[in-house]
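Q: Pasting the sequence and the predicted coordinates here, then a few questions.
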Amino acid sequence: MKNLNISLCVLLMALVRLGGSAPSSFNYGDALDKSLLFFEAQRSGKLPLQQQRVKWRGDSGLKDGFQQGVDLVGGYYDAGDHVKFGLPMAYSVTMLAWGAIEFNKEITNLNQMGHALWAIKWGTDYFVKAHTQPNVLWGQVGDGVSDHYCWERAEDMTTSRGAYKIDEQHPGSDLAGETAAALAASAMAFRPYNSSYSDLLLVHAKQLFTFADRFRGLYDDSISSAQQFYTSSGYSDELLWAATWLHLATGDEYYLKYVVDNGVYMGGTGWAMKEFSWDNKYAGVQILLTKILLEGKAGSYADTLKQYQAKADYFSCACLQKNDGYNVQKTPGGLLYVREWNNMQYVSSATFLLAVYSNYLSATKVNLNCPDGQTQPQELLNFVKSQADYILGNNPAGMSYLVGYGAKYPLHVHHRGASVASIFTLHSEVGCAQGFELWYNRAEPNPNVIDGALVGGPDKNDGFSDDRSNYEQTEPTLSGSAPLVGIFAKLQSLCGNAGAGYNHDESPKPQQKTPSYNNHYESPVPVTQEKTQSYDQNESPVPQQKTPSTYTVKETASKTSEGAPLQFLHSISSSWTVGGATYYRHRVIIKNTSSKPISDLKLVVKDLSGSLWGLSPTEEKDTYELPQWQKVLNPGSECIFVYVQGGPQAEVSIKSFQ
């Protein structure tokens, strides 16, 4: 399978080359890791001690909702401000969950499923708390107007933390519908790991959908303070969106019948879109329902789902510039261009949909029929790669618009927390106006690098100004970063070396068994049986597993290889039993003990019966080389690879080096 993926990546690069763009190679796994870090930087509430990697952030918003007599501590700050807007937050969680569902294997192989589930759960825990009654949902904390008058750290907040809700007298079908979709999708993402939590999320999702459908109205009519920031264009798409996710999560035909019966009335079969975003879910609905059709599960609803499919094809063809002129605009450098304000969030959402649709088409061996010609699923992936590569630096400015990635990225991000020195460095409080005087207007780069923040991006002519006051281009959002997790996981699986370069001390689980996670919630560790239990909001999003009885105590045995100044350190980091067979996770450290760099190292790994991560396979049998980003092993440096198999350890030897 890995050789097939490498071939496909080569094909993608060739297609890019034919399209006139310079081929680029990016570490998508690193980009994925940074995208998840952004969500940790956006956390509100009491930060966990062991699961908080962004160390310049501290606790904040610890009294949210208290004035209203409800616990609304937690959730995410929306962008560069400190308001918790329910609609874009729920959409972002839906997209994170969809990525964890659709690209489960890819994310797991990169040792990132733990961090992905944490990102999802930080949102779903908040939604569960905010859903205080079946027909009551607290949809916003903080006031955007007063918040924007101040420039201060979240830890120093002096602005209003008023909370706003929707209920039967003040409905919000769009907000309740999107939150229901987020909880249903998240229930699917958690199902393999914690069924009790998944069940809890579904209870709330069903109640919220019923509330959204029965008491109809626009949420920003009920929460007027949201109008200036996240005005909703309608709620029909969210009702269809929520029903679709509930059908996928439950298998209940009621929800499928709902999207079929309301397809015309609510625009699902009529609206042909060129945008997918926090406000407009039609294209997402249409592609999800096409999946049901392609898999032969439509039954008597096939005719209506074919109408949904036609609109899914319209969106995809418009992005690919094959829609008979009715296409999504592109910049001269090749980036999709939808809106002037924070265009990148529309790029990431559209790109995610195309990656997913490519999967659906490939799995069922179906091509995309565009007005300008039939298109193979690989062409969708080619386009996905072009957009991702533009984001990461293959663009006229030569700049990565993902903060912290690459050699050149925005340094003056419009973000309060990133632009003011951390409370752990500057202990004195930074006041509302003081923040503007001392930090907002500074010419120097931000003191804190907010890794993984996808800024608004360039204008329609690929122009970009790295200025803190240029919030249209330099402010990041939750909804922009959420789709990137799935995109980068997919591309890394095709063009990279899964598992190498991220959390080297841990390795992905073997494919024989669904993984759970350790108490530090870092990387998968296999378990002998499924176990579910309830837990409070501060615990890990997966149950704390007991150490398997077959666990092997770590042991080491070092040796210096003959003919080369290299030292191997072997260890067995864990073991588990599946179906009566015992499997071991082997960890091997390669260290350069010489005073000179070693390059072009090739290793022979014999007697390997399982999966290997951290080395790149070559065309020669049993022969591997260092990953692309670590071609040279400098003096004193190390490289780690991991493999999983039953029985004795594999034999590792050196084939050649320079």
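A: That came through, no problem. Here the structure is a predicted model, which is why all the values come from computation and not from measurement.
Q: so where do the strands sit in the stretch 101-250 of the chain?
A: Shown for the stretch 101-250 of the chain, the strands assigned by DSSP state E, counting those that start in this stretch span residues 137-141, 163-166.
Q: Save the ones you listed as a markdown table, and put in distance to Asp466, mean pLDDT and mean neighbour count too.
A: For every residue, glycine as well, the C-beta is placed using N, CA and C. Shown next, in a markdown table, are the strands of the stretch 101-250 of the chain (distance: least, Cβ to Cβ, whole Å; pLDDT from 0 to 100; neighbours: other Cβ atoms under 10 Å):
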| stretch | distance to Asp466 | mean pLDDT | mean neighbour count |
| --- | --- | --- | --- |
| strand 137-141 | 31 | 97 | 27 |
| strand 163-166 | 34 | 97 | 23 |
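Q: Can you add distance to Asn592 and give those strands back as TSV?
A: What follows is those, written out as TSV (distance: least, Cβ to Cβ, whole Å):
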stretch	distance to Asn592
strand 137-141	52
strand 163-166	57
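Q: and of those, who's closest to Gln567?
A: Among these, strand 137-141 comes nearest to Gln567, with 54.2 Å by Cβ to Cβ.
Q: helices or strands up against the closest one?
A: Contacts of strand 137-141 with other secondary structure elements, assessed using 3 or more Cβ pairs under 8 Å, 6 or more residues apart in numbering; DSSP states H and E, are made with strand 84-85, helix 86-102, helix 113-130, strand 163-166, helix 173-190.
Q: The shortest one - which strands sit beside it in the sheet, and in what orientation?
A: Strands that pair with strand 84-85, judged by DSSP bridges, come out as strand 137-141 (antiparallel).
Q: ok and the strand it pairs with relative to helix 86-102, angle-wise?
A: An angle of 110 degrees separates the directions of strand 137-141 and helix 86-102 when computed by axes from the mean of the first three to the mean of the last three Cα atoms, to 10 degrees.
Q: Can you give the contact residues for strand 137-141?
A: Contacts made with strand 137-141 from outside it, assessed by Cβ atoms under 8 Å, 6 or more residues apart in numbering, are listed as 61, 64-65, 68, 70, 72, 75, 83-87, 130-132, 161-167, 172, 175-176, 179, 208, 211, 219, 223, 225-226.
Q: Give the residue spans of the protein that score low on pLDDT.
A: Applying pLDDT under 70 to the chain picks out residues 1-24, 496-564, 573-581, 583, 610-611, 613, 627-630.
Q: Apply 50 and report the result again.
A: 1-7, 10-11, 13-24, 497-562, 578-579, 629 (pLDDT under 50).
Q: for it, which residue is closest to the average position?
A: Centroid-nearest residue in the chain: Val485, 2.6 Å away (criterion: Cα atoms, centre = their mean).
Q: Hmm, Ala97 and that residue touching each other?
A: No: contact status for Val485 versus Ala97: not in contact, 10.1 Å apart, counting by Cβ atoms under 8 Å.
Q: that older thread, going through the contacts of strand 137-141, which ones are buried?
A: For the contacts of strand 137-141, a neighbour count by 16 or more other Cβ atoms under 10 Å gives the buried set as 61, 64-65, 68, 70, 72, 75, 83-87, 130-132, 161, 163-167, 172, 175-176, 179, 208, 211, 219, 223, 225-226.
Q: In stretch 312-330, which residues are buried?
A: 312-323, 327-328.
Q: The spatially closest residue to Leu484 that is not a sequence neighbour and Cys639: what is the separation?
A: Setting aside the residues directly before and after it, Leu484 is nearest to Ser35 in space (Cβ to Cβ, 6 or more residues apart in numbering), at 4.4 Å. For Ser35, the distance to Cys639 under the criterion Cβ to Cβ, to the nearest Å works out to 25 Å.
Q: more crowded one of those two?
A: Ser35 (33 against 22; other Cβ atoms under 10 Å).
Q: Let me know the angle separating the one helix or strand that one maps to from helix 113-130.
A: Using DSSP states H and E, Ser35 sits in helix 28-41. Here helix 28-41 points in a direction 30 degrees away from that of helix 113-130 (the same axes, to 10 degrees).
Q: who does helix 28-41 touch, helix- and strand-wise?
A: Packing partners of helix 28-41 (3+ Cβ pairs under 8 Å, 6+ apart): helix 113-130, helix 377-392, helix 478-481, helix 484-495.
Q: got these as a markdown table, with distance to Val366 columns?
A: Formatted as a markdown table, the helices and strands packed on helix 28-41 follow (distance: least, Cβ to Cβ, whole Å):
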| stretch | distance to Val366 |
| --- | --- |
| helix 113-130 | 29 |
| helix 377-392 | 8 |
| helix 478-481 | 30 |
| helix 484-495 | 18 |
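Q: so which of these comes closest to Ser599?
A: Ser599 lies closest to helix 484-495 among the helices and strands packed on helix 28-41, at 21.9 Å (Cβ to Cβ).
Q: Could you list the buried residues of that closest one?
A: Here helix 484-495 shows Leu484, Val485, Gly486, Ile487, Phe488, Ala489, Lys490, Leu491, Gln492, Ser493, Leu494, Cys495 as buried, counting by 16+ other Cβ under 10 Å.
Q: Now for the third one: which residues touch it?
A: When you say that, I think you mean Gly486. Taking Cβ under 8 Å, 6+ apart as the contact definition, Gly486 lies against Met95, Trp98, Gly99, Ala100, Glu102, Phe103, Ile107, Phe352, Ala355, Val356.
Q: Out of the residues you listed, flag the one nearest to Arg53.
A: Of all the contacts of Gly486, the one sitting nearest Arg53 is Ile107; the distance, using Cβ to Cβ, is 16.7 Å.
Q: for stretch 213-229, how far is the first residue from the last?
A: For stretch 213-229, the first and last residues are 24 Å from each other (Cα to Cα, to the nearest Å).
Q: Is the residue nearest to Leu484 in contact with Val485, as I believe?
A: Yes: the pair Ser35 and Val485 qualifies as a contact (Cβ under 8 Å) at a distance of 5.4 Å.
Q: related to what we said a few turns ago, next, format the buried residues of helix 484-495 as CSV and append distance to Ser44.
A: Rendered in CSV, the data for these read as follows (distance: Cβ to Cβ, whole Å):
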residue, distance to Ser44
Leu484, 21
Val485, 20
Gly486, 24
Ile487, 26
Phe488, 25
Ala489, 26
Lys490, 30
Leu491, 31
Gln492, 30
Ser493, 32
Leu494, 35
Cys495, 35
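Q: mind checking which of the helices and strands packed on strand 137-141 is nearest Arg587?
A: With Cβ to Cβ, the closest approach to Arg587 among the helices and strands packed on strand 137-141 belongs to helix 113-130: 17.8 Å.
Q: what helices or strands is the closest one leaning on?
A: Contacts of helix 113-130 with other secondary structure elements, assessed using 3+ Cβ pairs under 8 Å, 6+ apart, are made with helix 28-41, helix 86-102, helix 104-109, strand 137-141, helix 173-190, helix 195-214, strand 516-517.
Q: Give me the angle between that helix and helix 484-495.
A: With the same axes, to 10 degrees as the criterion, the two stretches helix 113-130 and helix 484-495 enclose an angle of 160 degrees.
Q: pull the CA atoms of helix 113-130 into PDB?
A: Written as PDB, here are the backbone C-alpha positions of helix 113-130 (Å, rounded to 0.1, in the frame of the first residue of the first chain):
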ATOM      1  CA  MET A 113      -5.400  11.000  16.700                       C
ATOM      2  CA  GLY A 114      -4.900  11.700  20.400                       C
ATOM      3  CA  HIS A 115      -4.400  15.400  19.800                       C
ATOM      4  CA  ALA A 116      -7.200  15.500  17.300                       C
ATOM      5  CA  LEU A 117      -9.700  13.900  19.700                       C
ATOM      6  CA  TRP A 118      -8.600  16.400  22.400                       C
ATOM      7  CA  ALA A 119      -9.300  19.300  20.000                       C
ATOM      8  CA  ILE A 120     -12.800  17.900  19.300                       C
ATOM      9  CA  LYS A 121     -13.600  17.200  22.900                       C
ATOM     10  CA  TRP A 122     -12.600  20.600  24.100                       C
ATOM     11  CA  GLY A 123     -15.400  21.900  22.000                       C
ATOM     12  CA  THR A 124     -18.000  19.100  22.600                       C
ATOM     13  CA  ASP A 125     -17.600  19.300  26.400                       C
ATOM     14  CA  TYR A 126     -18.400  23.000  26.100                       C
ATOM     15  CA  PHE A 127     -21.500  22.300  23.900                       C
ATOM     16  CA  VAL A 128     -22.800  19.700  26.300                       C
ATOM     17  CA  LYS A 129     -22.500  22.300  29.200                       C
ATOM     18  CA  ALA A 130     -24.100  25.000  27.000                       C
END
